[in-house]
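Trainee: Output the structure for:
(chains A and B)
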Amino acid sequence: MSYRVAMDIGGTFTDVVCYDEETGGFRAAKAPTTPGDLAGGVFEGLSRVVEDAGEIAFFVHGTTQGLNALLERKGARVLLVTSQGMRDVYHIARGNRDRMFDLRYRKPAPLVPRSDTVEVGGRLDYRGAELRPLDEDAVRGAARRAREGGYDAVAVSLLFSYANPAHELRAGEILAEELGDTLVVLSHQVAREWREYERTSSAVLEAYTGPVVRRYLNRIEGRFAERGLTVPVHVMQSSGGMVNASYARERPLQTLLSGPVGGTMGGVALTRLLGRGNAICVDMGGTSFDVSLVIGGEPDVSAEARVEGFPVLMPIVNLHTIGAGGGSLAYAEAGGLRVGPESAGAVPGPACYGRGGTRATVTDANAVLGRVDPDWFAGGTMTLDVEAARAAVGRLADELGLGAAELAEGVCDVANAKMAQAIRTLTVEHGIEPREFALVAFGGAGPMHAVFIARELGVEEVIVPRFPGAFSAWGMLEAEVRRDVTRPFFRPQEELDGGEMAATLRAMEAEALEALAGQGVPEGRRRAVHAVDMRYEGQDYTLTVPLDGAAEPDDPGFLTAVAARFAAAHERRYGHATPEAPVEFVTLRTTGLGEFPRAAAGGADAVRHEPAPAVRKTVVFDGREHETPVLRRESMAPGTMTAGPAVIVEDTATTVVPPGCTARIDEHGLLVIKVGGQK
Amino acid sequence: MIDPVTTEIIRCALLQAAEDMNTTLIRSSYTPVIYEAKDCAVALLDRDHNVLGQSSGLPIFLGNLEECTRATERMHGRGVWEPGDVWVLNDSYIGGTHLNDVTVYAPIFVGGELVGFAASRAHWLDVGAKDPGGSMDSTTIYQEGLRLGPVRIYRAGEPDPAMIEVISRNVRFPHPTLGDMRAQVACARMGERRFAEIIERWGLDTVHAARDEIFAQTERLEREQIAAIPDGVYTASGMLDNDGIDLATPLPVTVRVEVRGDRMTIDLTDCADQATGPVNCGAAQAVAACRVGYKLLVSGDVPLNGGSFAPLEVVTREGSMLAAVEPAACQYYYSHLGLVIDLVVRALAPAMPGRVAAASYGDSMIVQLTGLDPRTGRLFVSQEATVGGWGAFEGGDGESCLINNVNGSLRDMPVEVLETLFPVRVTEYAVRPGSGGAGRWRGGAGVVREYEFQADSSLSLWFERSVTPAWGLFGGADGAPPRVVLNPGRPDEREVLKANAIPVRPGDVLRCESGGGGGYGDPAGRDPAAIEHDLREGLVTS
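Mentor: Next comes the predicted model:
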């Protein structure tokens, strides 16, 4: 019993990373994803890293099952139950729009038609006091309709259920009595926060994706059992923490963005390993570019996000999709050069994919410049047609009166500059300039662009982890079990009762720790951290301010201390504060964190470093052709240094080191590039 | 001659600089009207007041921040700019809008040389005025609050204590107001920093060469678009219901659009004289409204810069309600601007039927409630805009229950937040069936929002477009006009669209029904499956 295995099930490939607890070595592999029944790909992946699955002591994975159901609109048929008079809250969707000059604006198409919504009588006031009792007959009527109409799930969202869940709980009981196994989602259990549209949307999303996720988890646990495997199945949550399958079945929504957050958690592990606070995590694939941040050793997690235009109230790692990565199209407009945001997508894809694309993309530009290895693209899964890339880039170059290589480098420069600018805006939102971060680059194309982006940002260090193509899976091995508990706690400062706040926090802590125990986290490895969302009176948005434990509000100096902490956080994030202004408390947040024994992130590697024959090729940098060595990463032992220009290739990615930069393999096996030639 | 790669990188850097300014402003503002309603705009300007980059929250602030730096220089000369100074201006006749919209701007110096300006405009929660939240019956600008001409609020990097004192003694909520002002100063500082970085990296001459090329590209793009519109004179007329004082007299507006080759002229001279009530605006704002209409049809996705709108000329008549002069009241400056935007689109409908849409429900449709909250003993001000139906277009139905063109991306107030913050209950929030105009493509539905008051309060209402409801196009029917009823079904029931500070008592009920959007094309041509869908979903009544 000595392997710890993590798996990231993507659209095309399933990435697996395995840590051997005895030798301290890592192994990575790829298996084709099997969309019809993901379990097939899972077992194929396992067989590529361990000989005897019975020796797996720990298993965690990220799955896109719920997200795929949403993206393809193949989720459950949901009946929505609302308070009297509020049937259309979900359809009005707060009435806002996100494009300003568009006469044809449409909101995201709702997942529940208006005709599948049922109102029930009963009303609470803003404190949760009952104004009118729940109309139980109307709830039974809804149950009848759900049964007779063949609905897969029921979502219940009643006004002020966050303040007093009694009506929702009673409705839930009645529905369970009448409907048996049908999934019933109560909005306060998904998101105990105010704002009825956002809470309803979260409940609908859980009802819409839940049955699919539940079926998947049942199937995978069944297959484990068939093979006599007793290891618990863990699933990543959107928060960056993990849970076991039985909790994931109860709260399936939390797994919605389960896969890609692994990369951010990998970034967290690297900052811990290297003793650095801040990292920009850049995940660039063939046609995607996602950025997330690690700040002060913690993932940048929001309490709210939008998925496919729908709001979700749950802790979620902020993943920002920027531009289109290597698929971004280059074109001429009014005599000027433009790159993106339009993308060639996967089909036809860049010209060099040879799938009928004729327009130049960023990947074509890289091919022309010699910065990608045409015979070993995407981990050797495809080869590139460099002549097609040259033809596409050449046509555009003629149109703009430039040489082909000159234009190709220009296309990369524009793409890198735009990606860098978008990253700067993200860090500025946190009140931090990018030069205070390291850049962690992964995905197949991330390491190819990373140094150029770092230069634009003034970032001095780029880190390319081991297995950059499977970094998300690697990051999952480093995650903790996480359970979040929130309670609304709306109080202007003059109404604050510290004893009441402390008592609420203690109850939340007990709930979170009990949940961790239920996840099998042993005593002594469970902890809870607390925070409160605050704002100045009159502000709309809040800042999450950490607390020194559940008992802190009991302290007589608490209000002064927490107001000062809030002012400091406001100053840091927004550049100004109003220390004399009154504050308000809005929401209490408790996070239970449970640690399983982790993989030793810096553990020695099983790979032997064999010298490889020196290969050189011509690569263009700064308008000049450079004879550039092409190195195999596995041939570079820790301590190896190499000055740019160099191209470092490995199975899943290509790293480009331009002149003026130095690359080194550190004692943990990480590829660390000191960036010179800052802009 | 500058190469296209450098030009494009500088173009993107300037746009992103404006984006960073916008992020700084929105993330650090105190009040939802900026943070959520995006009732703000930012611009990075060169030293000749040309826009280098603009990030627009509110469409109707398009391209008139530069009026503020221009006016300052006209009054005081170019020598007035000093490093570290920050200026403020909210005069309606210069900036065009109401006094709540405060523009804060700072000169940018690099190496001791004036290179440009960073400017932002944001809606302040309160600027004084005779009623909290903005009067609906003001008749001169002097009733509308503190009026600031171009004046410094920071000198050499430090706040001017005298100006801070004046502001904090003239507004009802000094903490959030000064908080928003500081957010605007932080935004200007971000603009200064980003522009300095750009100039330090490429040098001023290269930046200027890139600027000239960027402007030329934008102008070329827009001229190509206009050249594709058939030459001709296109007109459309509509009515504003009234000025809020004399409720019986509608105010006409005619928009005359002339297209000749690659140029467009929009003539607004044929409209009512400046009115007694607060429905007037400065000329700068009428120009901005025409630019919104132009942008909706001609250059939607083209980022804004000094080359934008070069082919567009807007003609206004001084003393009209679209180019008001002192002492015209301007608090509700935007009702007729929403109408102007819709009329520009309608005028051009025959020339570009595939690009236009039928009219939308109009503008803000405000419900404002103030008073002492018996739960806290404190003054409260609740101001809500109401969503409504949008016009249909070739190929699609209009969207239902969506915020209007002049309110940017404003979100509605959640019932749970509203009832927690203010002594009021919402008893119904629903789609208004049958309110969208019929057509081959149907207009979007308006909304129903019904309130029950919980305390003695003062209610103000501003609902528009009952005289000219959202019109249909090409045979499509008009949308339903708005309808607002106080105490429906009771003996004291009355219909009212505009009112200033009428008293309401606990248990009184207000039912607001906003207008629907216009339909597009002959209803007889509607797909039967679409009709069946509308019936099943309850969007139409028959």
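
Trainee: Identify the residues contacting A:Ala445.
Mentor: Residues in contact with A:Ala445 (Cβ atoms under 8 Å, 6 or more residues apart in numbering or on different chains) are A:Met284, A:Gly285, A:Gly286, A:Gly325, A:Gly326, A:Thr363, A:Ala653, A:Thr654. To be clear about C-beta, it is placed using only N, CA and C from the backbone, and glycine gets the same treatment.

Trainee: Check A:Leu319 too.
Mentor: A:Leu319 touches A:Leu257, A:Pro260, A:Val261, A:Thr264, A:Asp290, A:Val291, A:Ser292, counting by Cβ under 8 Å, 6+ apart.

Trainee: Show me which of those residues is closest to A:Glu460.
Mentor: A:Val291 (18.2 Å; Cβ to Cβ).

Trainee: For the closest one, name its beta-bridge partners.
Mentor: Beta-bridge partners of A:Val291, counted by DSSP bridges, are A:Val282, A:His320.

Trainee: so how far is A:Glu429 from it?
Mentor: Distance of A:Val291 to A:Glu429, given as Cβ to Cβ, to the nearest Å: 12 Å.

Trainee: Looking at those two, which is more packed in?
Mentor: Remark: of A:Val291 and A:Glu429, A:Val291 carries more neighbours, 22 against 19, as counted by other Cβ atoms under 10 Å in any protein chain shown.

Trainee: So that one versus B:Tyr361, what's the distance?
Mentor: From A:Val291 to B:Tyr361 the distance is 39 Å (Cβ to Cβ).

Trainee: where does the stretch 151-300 of chain A come near chain B, residue by residue?
Mentor: Within reach of chain B by Cβ under 8 Å from any Cβ of the partner chain, the stretch 151-300 of chain A has these residues: A:Leu159, A:Phe160, A:Tyr162, A:Trp194, A:Arg195, A:Glu196, A:Tyr197, A:Glu198.

Trainee: can you tell me which helix in chain A is longest?
Mentor: The longest helix of chain A (DSSP state H) is helix A:196-226.

Trainee: Just the pLDDT for residue 191.
Mentor: I'll assume chain A. Note on A:Ala191: pLDDT of 92.

Trainee: I was after chain B.
Mentor: 95.

Trainee: Looking at the contacts of A:Leu319, point me to the pair that's furthest apart.
Mentor: Every pair of those checked by Cβ to Cβ; the farthest is A:Leu257 and A:Val291, at 14.3 Å.

Trainee: Phi, psi for B:Gly389 please.
Mentor: Dihedral angles of B:Gly389 (phi, psi; degrees, to the nearest 10) stand at phi -90, psi 140.

Trainee: do the same with the one 10 residues further on
Mentor: Summarising the backbone geometry of B:Glu399 under the convention degrees, to the nearest 10, its torsions are phi -80, psi 150.

Trainee: Now do the contacts for it.
Mentor: A:Tyr105, A:Arg106, A:Lys107, B:Gly389, B:Trp390, B:Gly444, B:Gly517.

Trainee: Tell me which two of those residues sit farthest apart.
Mentor: In those, the most distant members under the criterion Cβ to Cβ are A:Lys107 and B:Gly517, with 13.9 Å between them.

Trainee: who's more crowded, these two?
Mentor: Legend: neighbour count by other Cβ under 10 Å for A:Lys107 and B:Gly517, higher for B:Gly517 (39 against 19).

Trainee: Isn't the more buried one up against B:Val387?
Mentor: No: B:Gly517 is beyond contact range of B:Val387, at 11.4 Å (criterion: Cβ atoms under 8 Å).

Trainee: Now do the strands in the stretch 301-450 of chain B.
Mentor: Applying DSSP state E, counting those that start in this stretch to the stretch 301-450 of chain B gives strands spanning B:312-315, B:366-373, B:378-385, B:424-431, B:447-453.

Trainee: possible to save the contacts of A:Leu319 as CSV with pLDDT?
Mentor: Below are the contacts of A:Leu319 laid out as CSV (pLDDT from 0 to 100):
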residue, pLDDT
A:Leu257, 88
A:Pro260, 81
A:Val261, 90
A:Thr264, 95
A:Asp290, 89
A:Val291, 93
A:Ser292, 95
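
Trainee: quick check, nearest of those to A:Glu523?
Mentor: Among these, A:Val261 lies closest to A:Glu523 (Cβ to Cβ), at 27.5 Å.

Trainee: After the lowest-mean-pLDDT helix or strand in chain B, heading C-terminal, what element do we hit next?
Mentor: When each helix and strand of chain B is scored by mean pLDDT, DSSP states H and E, helix B:32-35 comes last, with a mean of 70. Later in the chain than helix B:32-35, the nearest helix or strand by DSSP states H and E is strand B:40-46.

Trainee: List the contacts of that following strand.
Mentor: By Cβ under 8 Å, 6+ apart, strand B:40-46 touches B:14, B:17-18, B:21-22, B:25-26, B:29, B:34, B:51-58, B:61-62, B:65-66, B:69, B:115-123, B:187, B:191, B:194-195, B:208, B:211, B:306.

Trainee: So which of those sit within helices?
Mentor: B:14, B:17-18, B:21-22, B:25-26, B:34, B:66, B:69, B:187, B:191, B:194-195, B:208, B:211.

Trainee: Among those residues, which pair sits farthest apart?
Mentor: Maximum pairwise distance in those, criterion Cβ to Cβ, is 32.7 Å, between B:Ile34 and B:His208.

Trainee: Look up phi and psi at the residue in the stretch 401-550 of chain A that chain B sits nearest to.
Mentor: The nearest approach of the stretch 401-550 of chain A to chain B comes at A:Gly410, 3.3 Å away (Cβ to the nearest Cβ). With angles defined as degrees, to the nearest 10, A:Gly410 shows backbone torsions of phi -60, psi -40.

Trainee: who's in contact with it?
Mentor: By Cβ under 8 Å, 6+ apart, the residues touching A:Gly410 are A:Leu337, A:Leu402, B:Asp3, B:Pro4, B:Val5, B:Glu8.

Trainee: can you do 10 Å?
Mentor: Going by Cβ atoms under 10 Å, 6 or more residues apart in numbering or on different chains, A:Gly410 touches A:330, A:337, A:339, A:365, A:393, A:396-397, A:400, A:402-403, A:623, B:3-6, B:8-9.

Trainee: Do I have it right that A:His570 meets A:Val545?
Mentor: Yes: counting by Cβ atoms under 10 Å, A:His570 does reach A:Val545; the two are 9.5 Å apart.

Trainee: Please enumerate the shared neighbours of these two.
Mentor: A:Met534, A:Arg535, A:Val583.

Trainee: Would you write a ChimeraX line that selects the buried entries of these?
Mentor: A single ChimeraX command selects the buried members of these (16 or more other Cβ atoms under 10 Å in any protein chain shown):
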select /A:534,535,583
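
Trainee: which among the shared contacts of A:His570 and A:Val545 gets closest to B:Arg78?
Mentor: A:Arg535 (41.9 Å).

Trainee: Confirm for me that that closest one is in contact with A:Tyr574.
Mentor: No: applying Cβ under 10 Å as the test, A:Arg535 and A:Tyr574 come out as separate, 11.6 Å apart.

Trainee: between B:Ile34 and B:His208, who's got more neighbours?
Mentor: Counting neighbours by other Cβ under 10 Å for B:Ile34 and for B:His208 shows that B:Ile34 has the greater number, 27 against 16.

Trainee: ok, that one touching B:Gly57?
Mentor: Yes: between B:Ile34 and B:Gly57 there is a contact under Cβ under 10 Å: 7.8 Å.

Trainee: Quick check: neighbours shared by the two?
Mentor: B:Leu25, B:Ile26, B:Cys40, B:Ser120, B:Arg121, B:Ala122, B:His123.
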